[in-house]
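J.: sequence below, structure please.
(chains A and B)
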There are 2 protein chains.
Amino acid sequence: MKGFFYPKSVVVIGVSQKTSNMGRMIVKNMITKGFSGQVHAVGPTGGVILGRPIRKSVKEITFAMDLAVILTPAHTIPELVRECGKRGIRRIVIESAGFSELSPDRKSLEEELLNIAREYRIRFIGPNCIGLVNTENGLSTPFVAVSTQFEAGKVSVISQSGGVALNYMDALAFEGVNFNKVTSIGNKLNVDETELLDYLVNQDDGTEIICMYLEGLKDGRKLIEIARASTKPIIVHKSGIGKAGAASAASHTGSLASDDKIVSAAFKQAGIIRVRSTGMMMDLVKIFELPPMKGRNLAIVSRSGGHGVIAADTAEHFEFNLPPFPQKEIKLIKQHVRGGVVNLRNPLDLGDLFDLSIYEEIAQQILSNERIHGLVLVHGYSEAEKEASRHFMGRVKELSETHQKPVALCLNIDDEETAYLRRNFDFPFYTSPEEGTLALNVSYRTHLFHEAHKSFTPYVKMVDTVPVSKILDRAKAENRNPSQTECFEILKCYDFPVPEYRSAKTANEAAAAAEVIGFPVVLKVDVPSIVHKSDIGGVMMNLNNTDVVVNAFEQLQARLRNHLKAGEGFATIVMKQADLDGQEVIIGIKQDATFGPVLLFGLGGIFAELIEDVSLRVLPLDRTDVVEMIHEIRGYEALAGVRGSTPKDIDSLVDQLLSLSQVAQDFQQIKEIDLNPVISYENGSLALDARFIL
Amino acid sequence: MKGFFYPKSVVVIGVSQKTSNMGRMIVKNMITKGFSGQVHAVGPTGGVILGRPIRKSVKEITFAMDLAVILTPAHTIPELVRECGKRGIRRIVIESAGFSELSPDRKSLEEELLNIAREYRIRFIGPNCIGLVNTENGLSTPFVAVSTQFEAGKVSVISQSGGVALNYMDALAFEGVNFNKVTSIGNKLNVDETELLDYLVNQDDGTEIICMYLEGLKDGRKLIEIARASTKPIIVHKSGIGKAGAASAASHTGSLASDDKIVSAAFKQAGIIRVRSTGMMMDLVKIFELPPMKGRNLAIVSRSGGHGVIAADTAEHFEFNLPPFPQKEIKLIKQHVRGGVVNLRNPLDLGDLFDLSIYEEIAQQILSNERIHGLVLVHGYSEAEKEASRHFMGRVKELSETHQKPVALCLNIDDEETAYLRRNFDFPFYTSPEEGTLALNVSYRTHLFHEAHKSFTPYVKMVDTVPVSKILDRAKAENRNPSQTECFEILKCYDFPVPEYRSAKTANEAAAAAEVIGFPVVLKVDVPSIVHKSDIGGVMMNLNNTDVVVNAFEQLQARLRNHLKAGEGFATIVMKQADLDGQEVIIGIKQDATFGPVLLFGLGGIFAELIEDVSLRVLPLDRTDVVEMIHEIRGYEALAGVRGSTPKDIDSLVDQLLSLSQVAQDFQQIKEIDLNPVISYENGSLALDARFIL
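T.: Coordinates of the predicted model:
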């Protein structure tokens, strides 16, 4: 990837002298941003641009060229790429639109492009993008005027949309945050977000914080892998297009695990911070420029009582503590208060305390206090206090660095002073206490995440998979899903507890099975084509003796005969009647197109159906991930024991979620698994029903 | 209230020549903002300020004075107010701090102040505030420099905090929104938010939109009454201090209905828009400057595909429809696209369409289309397109007015152009499509609310309340809560269905009652001091014959004897065993300190306990309110019929919620009511347990 960002020589293809020509703007951007290398121009009409000749073809250029930027009609691109290949250019940015984003029939054009790239070992970005910006060397390929000042910062951007990339550049500049590299990846036909992220995380020293705007994910699983290992914060605005996808799912798990929920779960698991707006993106970028918040004890100091209350309100929402200030600080403040009109609590309302040197001492006392992990400081000033305030805020910046604690500085100041500070004061600030407090919360949550996930060793369970393969192969050969008996067999291979059971194809077999298992038993029809067994009366419970079992079998057989598919034999499963006095949960697996297998957990029954209270994780995962997914459901208290009900065996649930994850890892041909219900007891748990969909 | 905002002559008390004097700043603000009346100054040190003398006392001023503004130490205030009273001043702003907000022992000072005010028929604002601003006449009493330009707009502000008031003024100015009146009410000892709101809503023609920042509510019920009748949008940032209040509640209803939830419910019911941040406040103020969005069909037009996707994503979240554009518009656009690189769907990506006159025609086509109710228009431009873009946006403003549809204009432009437009372009705009789309959603929801609540006739049920009074009086005299039998008697008076029941104090009475009621029956201990009956085994179900009833009675009596309070007799209630095959719901009442009685509804059992899925409304209410409260719970589908379960009788639930609301209206001495569970059937419903707390 480095070759894209640090070329010594760039050729722009598609340039003419016309003022409306967009290739011309690319050349102009490169020059005005002071690109450190050579810039060549190519276009069929020739002429001169910014003092340099426009060549008719790359063949006419004798200098070496590292990077080509092409902006010509889509149909001309393959031939131009080939010419570049012949001239030895191995990195290309294709900005032209008119490919598959416009119409599916342009897929063949994309294929052609990929083939040529393969032939010449060319890597390209795009098409349908505005390419690259690197403030370190002035590289700047957008085809619209780039007005942002280039001053190399530590924030880099990857954006699927060119418009959003430009907007991020403007928004960062507006916040006074300098950026390092920006890539607009468009259709990401060749280079995608995953490769770029890998580069920015693992190879690019200039980048310390990464912002992404994505509409789709090329390889979610790989993205998660890179992000999980990253110590650089990654903030992603993923728009949720394609949510409808889950509607057609076959299983309960399938429909509960919508594409968008999987994205959120996967990001969370990898420590990626997901935002839903540009404003939020900017708020969070700023907080990551500061030391992390390492605990939940927050101090709030405000010149305006109301803003202190607002900050405290937001802090309460995020479950921060507001510890009282120690006597020492209170004494200090008391000495300086005129008229005594200050309330010495946290949040601290500075009231009619106007001496900024006292503010400074208060900030110093608070930030050096071991019990405090971060500070929300609301300040506001007009002309008369400008100099003193600037000095004070400079000291706050130093104190934040010295004590390695974040300060969310929230300022009520006029436009002019805002503009001044953004240019001249190298410390982030917020315009409202809500934003600042929210940002501190993300800083703290991110810190917690990294503490909890310091190392990651994917869970692995070694199992003899041969019998499982046989079952799945047989089902596949017969073009059906496994029966419940077969599902239970598979679960047993993975030590997943199921009730004692036997398969029975006749009434006598059923009776014999019941005798062995012991009464009472449950008899269920067990035919792969019959999915919603209870809806058609295919389940008979509490069968107490042999006669009742024989009778139940005959009833089922008579009733369900015409539900069978042609050639399908009638069969049942006889199960030991399980104790129902526990908490129903649902455990499932879904294969996601981009993330691979996804594990689902939730409370059963009405919880899953109405509240959709489930948690998700992508595989592979570790024990910590699974513990977190159990804790994060809203109904967690029903497992922890509520109103006198006994706490359930959460360790056992963790084991079983891990076991099921291994099934999914070992056999990716299983599209969905529903274990619904699993009953969680005070000791252990038991899957009462199982469906595997191939 | 008008007297506060339109005085002909103002005296500022507490003025000196010192530059640090805050009273001096008040005088300066009045002069620099061009106050249209006289300004007098009073202060003990005398001297001259801004060319006018500082008098030692109001007594020395011979001119008439309509309004006094006082900023002197707290202990001096009563005497100064008295002097004002003697001089005939009837409106005062007290800005000084140092009252009950500082320490509870200052309550007596406040009392003194109120007495003097009463004596002289003085109305005052404050203390602990920055007072009043009126852009219509230049009135401006803050004791800090007011930098905002005064140009009379239609937005007025009431703020409990002076700092927040100033911040709103700055924020509105920053957004290019002109304000009309601002009041900072501080401790609201005399004039409170309710009176001011009433004035702004019903008497002040200059005010069309109202923003409020509140920390507490003086009279929630009155506030709701005024807001409900208002056609002017009211947006409130209420910070949630005091949430902890609900922790000590006695009943289930009490603990489920936290103070903050009641505030949200009451605001919703009255059409007040509650925001949680200043940013959101500004986004919404702007949208109310435009015509309302009258349907859910939204068009999205964007220069950047990515921003179109982001807008569509937000629109999906808010359940907007994005109808496809009709052929006519598509044809129009097709004629003008060069290279054909535009996707003609909604959201419309303008792609490489650069002719702004075509944009104008597209906007015209869309806004004149009957099927479209609003437009999100994302535009961005640099220097070269500035003039054309300004012209285009001017046309958009005209089109929005002509077709009476809102356009959320979202602009990606630089700081300078932003500042220019805010000064010179009288049409609101947003900096991101998320904000614009969110604002349109609020516009639409507010429109829907007003359609649904065009008229309000509080529900009234005429009931013979004498028997109910007797029951409650007796319980009160005996210093206890009503027994379940008594609660059922009360419910019956209000036609609230309960199972057939009898009270029984002996085994024989119980047996006889069961014979009359018919088996099976339920026997419950019914002693006011025993609250959690089932927790101590005080409920026996499914009693099938006389012997079983006698036996059950004896068991209960033996077991629970030592749970009785001294002097309390043992008693039971015998109830017809009800059909449990329905949906459990909980219905309740809570007396709130500021809103009065609050009605609660939710699904029972685990829903209420774990998810706290309940809805609330303050009384009085109408049928529409109750229908809405049933629909808004998350678990509503459990009532509507889900997965083959039968739909429940929602009409009957509505009747019963209304009946219970009448109980609460008639007998405000009832602090809390819990009907838990009420079983909702396919036809009708039945309260199986009832607790009234006096």
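J.: from here on, just use CA atoms for contacts and neighbour counts.
T.: OK.
J.: mind checking if whichever helix or strand A:Asn180 is part of is in reach of chain B?
T.: A:Asn180 belongs to strand A:179-184 when elements are defined using DSSP states H and E. No. Applying C-alpha under 8 Å from any C-alpha of the partner chain, one finds strand A:179-184 separated from chain B by no less than 11.0 Å.
J.: what lies in contact with that strand?
T.: A:126, A:129-136, A:150-162, A:165, A:169, A:172, A:206-207 (C-alpha atoms under 8 Å, 6 or more residues apart in numbering or on different chains).
J.: over to stretch A:517-535?
T.: A:480-485, A:500-501, A:514, A:538-545, A:549, A:552-553, A:556, A:563-565, A:568-577.
J.: return the strand holding A:Asn180 as PDB; C-alpha atoms alone will do.
T.: Extracted in PDB, the C-alpha atoms of strand A:179-184 (Å, rounded to 0.1, in the frame of the first residue of the first chain):
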ATOM      1  CA  PHE A 179      -5.300  14.700   9.200                       C
ATOM      2  CA  ASN A 180      -2.600  12.500   7.800                       C
ATOM      3  CA  LYS A 181      -3.900  10.400   4.900                       C
ATOM      4  CA  VAL A 182      -7.300  10.200   3.200                       C
ATOM      5  CA  THR A 183      -8.400   7.400   0.800                       C
ATOM      6  CA  SER A 184     -11.600   7.400  -1.100                       C
END
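J.: next one: it to chain centre, how far?
T.: 20 Å (C-alpha atoms, centre = their mean, to the nearest Å).
J.: starting from that strand, tell me which strands it pairs with and how they run.
T.: strand A:131-134 (antiparallel), strand A:155-159 (parallel) (DSSP bridges).
J.: need those strands in CSV (columns: mean pLDDT and mean neighbour count).
T.: Below are the strands paired with strand A:179-184 laid out as CSV (pLDDT from 0 to 100; neighbours: other C-alpha atoms under 10 Å in any protein chain shown):
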stretch, mean pLDDT, mean neighbour count
strand A:131-134, 96, 26
strand A:155-159, 97, 26
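J.: which segments of chain A make up each domain?
T.: Using automatic domain parsing, the domain parsing of chain A gives A:2-239, A:293-452, A:456-499+A:578-694, A:503-571.
J.: now the third one, how far from the chain's geometric center?
T.: Pointing back at domain A:456-499+A:578-694 there. 23 Å.
J.: span of that domain from start to end?
T.: Domain A:456-499+A:578-694 has its terminal residues 30 Å apart, counting by C-alpha to C-alpha, to the nearest Å.
J.: also the longest one?
T.: Terminal residues of domain A:2-239 lie 28 Å apart, using C-alpha to C-alpha.
J.: can you give me how far it is from the chain middle?
T.: 24 Å.
J.: re earlier: let's see which of the contacts of stretch A:517-535 end up in strands.
T.: Using DSSP state E, the subset of those located in strands is A:501, A:539-543, A:572-576.
J.: so what's the residue of chain A most remote from its centre up against?
T.: No residue in chain A sits farther from the centre than A:Asp547, which is 56.6 Å out by C-alpha atoms, centre = their mean. Counting by C-alpha under 8 Å, 6+ apart, A:Asp547 touches A:Ala511.
J.: wasn't it part of a helix?
T.: Yes. Assessed by DSSP: H, G, I helix; E, B strand; the rest coil, A:Asp547 belongs to a helix.
J.: sketch out the low-pLDDT regions of the stretch 151-300 of chain A for me.
T.: A:240-256 (pLDDT under 70).
J.: up against chain B, what does it have?
T.: Residues of the stretch 151-300 of chain A lying near chain B (C-alpha under 8 Å from any C-alpha): A:160-164, A:167, A:170, A:174, A:215, A:239-241, A:277-279.
J.: please flag which of those sit within strands.
T.: Among those, no member falls in strands (DSSP E).
J.: quick check: the two most widely separated of those?
T.: Within these, A:Phe174 and A:Ile241 form the most distant pair, 28.4 Å apart (C-alpha to C-alpha).
J.: of all the domains of chain A, which lies closest to B:Ser615?
T.: Of those, nearest to B:Ser615 by C-alpha to C-alpha is domain A:456-499+A:578-694, at 15.5 Å.
J.: so what's A:Ile413 scoring on pLDDT?
T.: For A:Ile413, the pLDDT comes out at 88.
J.: run a quick neighbour tally on the residue nearest to it when sequence neighbours are not counted.
T.: Closest residue to A:Ile413 apart from its sequence neighbours, by C-alpha to C-alpha, 6 or more residues apart in numbering or on different chains: A:Gly380 at 5.6 Å. A:Gly380 has 18 neighbours, counted by other C-alpha atoms under 10 Å in any protein chain shown.
J.: which residues does A:Gly380 contact?
T.: Contact analysis of A:Gly380 by C-alpha under 8 Å, 6+ apart lists A:303, A:411-413.
J.: closest to B:Val663 among the residues you listed?
T.: Taking the contacts of A:Gly380 together and measuring to B:Val663 by C-alpha to C-alpha, the closest member is A:Arg303, at 47.6 Å.
J.: what about the most centrally placed residue in chain A, which SS state?
T.: Nearest to the mean C-alpha position of chain A, by C-alpha atoms, centre = their mean, lies A:Phe267 at 2.2 Å. Classification of A:Phe267 using three-state DSSP returns helix.
J.: check the gap between it and chain B for me.
T.: A:Phe267 is 18 Å from chain B, where distance means C-alpha to the nearest C-alpha, to the nearest Å.
J.: ok, that residue to A:Gly220 distance?
T.: For A:Phe267, the distance to A:Gly220 (C-alpha to C-alpha) stands at 9 Å.
J.: again with A:Asn479
T.: 30 Å.
J.: ok, now A:Val11?
T.: 33 Å.
J.: the two: who's more crowded?
T.: More crowded of A:Val11 and A:Gly220, by other C-alpha under 10 Å: A:Val11, with 24 against 20.
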